[in-house]
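S.K.: Turn this into a structure:
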Amino acid sequence: MEFNIFDLIKKANEVTLNKHGNLITLERAVFLSWWCDKGDCAFCYMSTQKNKIKDPKKARRNISNIYAEAEMCKRLDWNIEFLSGGYESFTTQEIKNIATTIKDITGEGVWLNTGITDELYEYGSEIKGITGAVEVANPKIHEKVCPSKPLEEISNMLDVAGNLGFKKAITIILGLGETLTDVDYIIDYIRDYKIDRVIFYSLNPHKETIYANSSQPASLYYAQVVAQVRLAFPDIEIICGTWIDNLANIGILILSGANGITKFPLFKMFGTKYGKRVEEEVKWAGRELKGTFTDKTQLGPEKSEVSPELDRFIKRYVKESLKNKY
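M.R.: The predicted structure follows:
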């Protein structure tokens, strides 16, 4: 290694504090459905479900449940990372309606991560930005791992999104077979397509996929990738996802340039030792947390403040958050 990784992280931390301040956000992806018409991304849980789902419409979440989740995110001051759903799970108009209602609930437009589409012109102010699921930091591996999501189509969609005035984001999963030298590809892609936001995840090896027995990427490898991207793009927003079994990654990822953290089971972890651990990781990284993982008073009443139709779902979320599951 030609440079000291800790020097790199130190520089990235200085840049992040200078450009973005010390606030760290808690991000939550809101899923719309467990069905994906493509269903062949090698790492994805939904690829293991496609053949098991006989009626795709039954894999769609109850719309009121989605809105209740958005209301709970607002109460706890969590950001909605994006709306996410597999291909052909909802129509463009249905997604637009959901996004519009969520904006009414939270007061903010939402990011989308709902696949490649040529219907972006249908969206308006309810949408903040469009996410391209680039997924792999190496285009050759992408062809094998995501055969039905051509990079060219993703890139074209992002170009159209920019022309329509939407912000642009990409997702990258680390641990799929890429190497540290592939960071150059990420940097070139961000520059070429004027990306505003990068969301990194570490591989979560799902059963029944080819990655079932793979390990998650090492924390310092993950941190080095993030630090290099931060130093190349001081102004960009970086969100980092890590799993409940890797909470120790949080502090080092924040110091490497992350603005927000994601990929947690919010309601299962809330108020538990794991929720407390998230807050401690942020604290010891010298940052201030936006939102809470432990303040039970912010859960609010067991009835919706938006619509009675959401009451039973709000009650379920509040009760689940008050249980110590661990």
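S.K.: Just the buried residues of whatever helix or strand Lys96 lives in, please?
M.R.: Under the criterion of DSSP states H and E, Lys96 resides in helix 92-106. Across helix 92-106, burial judged by 16 or more other Cβ atoms under 10 Å covers 95-96, 98-103, 105-106. Placement of C-beta: from N, CA and C, glycine included.
S.K.: ok, which stretches of this protein are strands?
M.R.: Assigned by DSSP state E, the chain shows strands spanning 23-31, 79-84, 110-113, 127-135, 167-174, 197-202, 237-241, 260-262, 288-290.
S.K.: Just send those strands back as a markdown table, with mean neighbour count and mean pLDDT too.
M.R.: As requested, those are exported to a markdown table (neighbours: other Cβ atoms under 10 Å; pLDDT from 0 to 100):
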| stretch | mean neighbour count | mean pLDDT |
| --- | --- | --- |
| strand 23-31 | 20 | 96 |
| strand 79-84 | 23 | 96 |
| strand 110-113 | 24 | 97 |
| strand 127-135 | 23 | 97 |
| strand 167-174 | 22 | 97 |
| strand 197-202 | 24 | 97 |
| strand 237-241 | 23 | 98 |
| strand 260-262 | 22 | 97 |
| strand 288-290 | 15 | 98 |
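S.K.: can you tell which of those is closest to Asp159?
M.R.: Judged by Cβ to Cβ, the one of these that comes nearest to Asp159 is strand 167-174, at 8.8 Å.
S.K.: Report the inter-axis angle for that closest one versus strand 127-135.
M.R.: With axes from the mean of the first three to the mean of the last three Cα atoms, to 10 degrees applied, the angle from strand 167-174 to strand 127-135 works out at 30 degrees.
S.K.: Where do the helices of the stretch 151-300 of the chain begin and end?
M.R.: 151-163, 183-192, 219-232, 249-256, 266-269, 273-284 (DSSP state H, counting those that start in this stretch).
S.K.: Mind listing residues that contact the shortest one?
M.R.: Spelled out, it's helix 266-269. The set of residues external to helix 266-269 that reach it, using Cβ atoms under 8 Å, 6 or more residues apart in numbering, is 28, 72-73, 76, 78, 244, 275, 278, 293, 317, 320-321, 325.
S.K.: and that helix, which residues are buried?
M.R.: Quick answer for helix 266-269 (16+ other Cβ under 10 Å): 266-267, 269.
S.K.: okay, who's weakest in the residues you listed by pLDDT?
M.R.: The lowest pLDDT within those belongs to Leu266, with 86.
S.K.: so who does Gly85 touch?
M.R.: 31-33, 36, 95, 114-115.
S.K.: Need the pLDDT of it.
M.R.: At Gly85, pLDDT is 82.
S.K.: where's it relative to Gly165, distance?
M.R.: Separation of Gly85 from Gly165 (Cβ to Cβ, to the nearest Å): 23 Å.
S.K.: Also Lys283?
M.R.: On the measure of Cβ to Cβ, Lys283 and Gly165 end up 38 Å apart.
S.K.: Between those two, tell me which one has more neighbours.
M.R.: Lys283 (13 against 10; other Cβ atoms under 10 Å).
S.K.: what's the spacing between that one and Arg75?
M.R.: Taking Cβ to Cβ, one finds Lys283 at 22 Å from Arg75.
S.K.: Report the distance from the lowest-mean-pLDDT helix or strand in the chain to the chain centre.
M.R.: Across the helices and strands of the chain, the lowest-confidence element by mean pLDDT, DSSP states H and E is helix 266-269, at a mean of 90. Distance, stretch centre to chain centre, for helix 266-269: 16 Å (Cα atoms, centre = their mean, to the nearest Å).
S.K.: Which positions within stretch 246-260 qualify as buried?
M.R.: Applying a neighbour-count criterion of 16+ other Cβ under 10 Å, the buried positions in stretch 246-260 are 246-247, 249-260.
S.K.: tell me what the helix holding Lys96 is packed against?
M.R.: helix 63-76, strand 79-84, strand 110-113 (3 or more Cβ pairs under 8 Å, 6 or more residues apart in numbering; DSSP states H and E).
S.K.: Tell me how far the residue nearest to Glu320 when sequence neighbours are not counted lies from Thr101.
M.R.: Spatial nearest neighbour of Glu320, chain neighbours left out: Phe267 (4.6 Å); criterion: Cβ to Cβ, 6 or more residues apart in numbering. Phe267 sits at a distance of 20 Å from Thr101 (criterion: Cβ to Cβ).
S.K.: Lovely, talk soon.
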